[in-house]
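After the sequence you'll find the predicted model.
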Amino acid sequence: MSYQHILVAIDLSDDSKLLIDKAVSLAKALEAKVSFIHIDVNYAELYTGLIDINMAEAQHHAMEASRTQLTNLAEYANFPITHTLVGSGDLSNELCDTIGEYNIDLLVCGHHQDFWSKLLSSTRQLINCSPVDMLVVPLKE
């Protein structure tokens, strides 16, 4: 089976470039498309008490900043990036919905190999729900 559309889950850290390099290298060999996605935290879901800021406006500013960073990473890739997507909410749900909507057949994500990731791993959640193959890239601390 040859992959046609690779989705790279990016957390906007410096480690994102390693994931991009791996995905682009694979896409070139397979003549596949590459898309990027970043899922922002949905702050409105995290805090339910009284707060004196406009949550919608804060969320909008955070997503715009993420879009700018994704655009910069797309330029770094030096490869045609089909989609640069920013979402918010539950990582697993958002990624699985995106995979179906954009006909993704390979998901590339990173996994930090540190103490906290052994306890709280978003990659483990993705493995349990992803409807497509995954390339999990180890990220050393």
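Yes, it's here.

All the helices of this protein, in order from the start?
16-30, 43-46, 55-77, 91-101, 115-119, 122-129 (DSSP state H).

My read is that L26 contacts V8, right?
No - under the criterion of C-beta atoms under 8 Å, L26 is not in contact with V8, lying 10.2 Å apart. Bear in mind the C-beta positions are built from the backbone N, C-alpha and C, glycine included.

out of the two, which sits in the busier spot?
In terms of neighbours (other C-beta atoms under 10 Å), V8 is the more surrounded of L26 and V8; the figures are 27 against 16.

still on that earlier bit, now for L26 and V8: what residues contact both?
V108 (C-beta atoms under 8 Å, 6 or more residues apart in numbering).

burial of Q4, as a residue count?
14.

Looks like it contacts Y102 (just checking).
No - between Q4 and Y102 there is no contact under C-beta under 8 Å: 10.9 Å.

could you list every residue that touches L135?
By C-beta under 8 Å, 6+ apart, the contact set of L135 is 22-23, 26, 106-109.

could you redo the last one with a cut-off of 6 Å?
V108 (C-beta atoms under 6 Å, 6 or more residues apart in numbering).

any idea how far it lies from H38?
17 Å (C-beta to C-beta, to the nearest Å).
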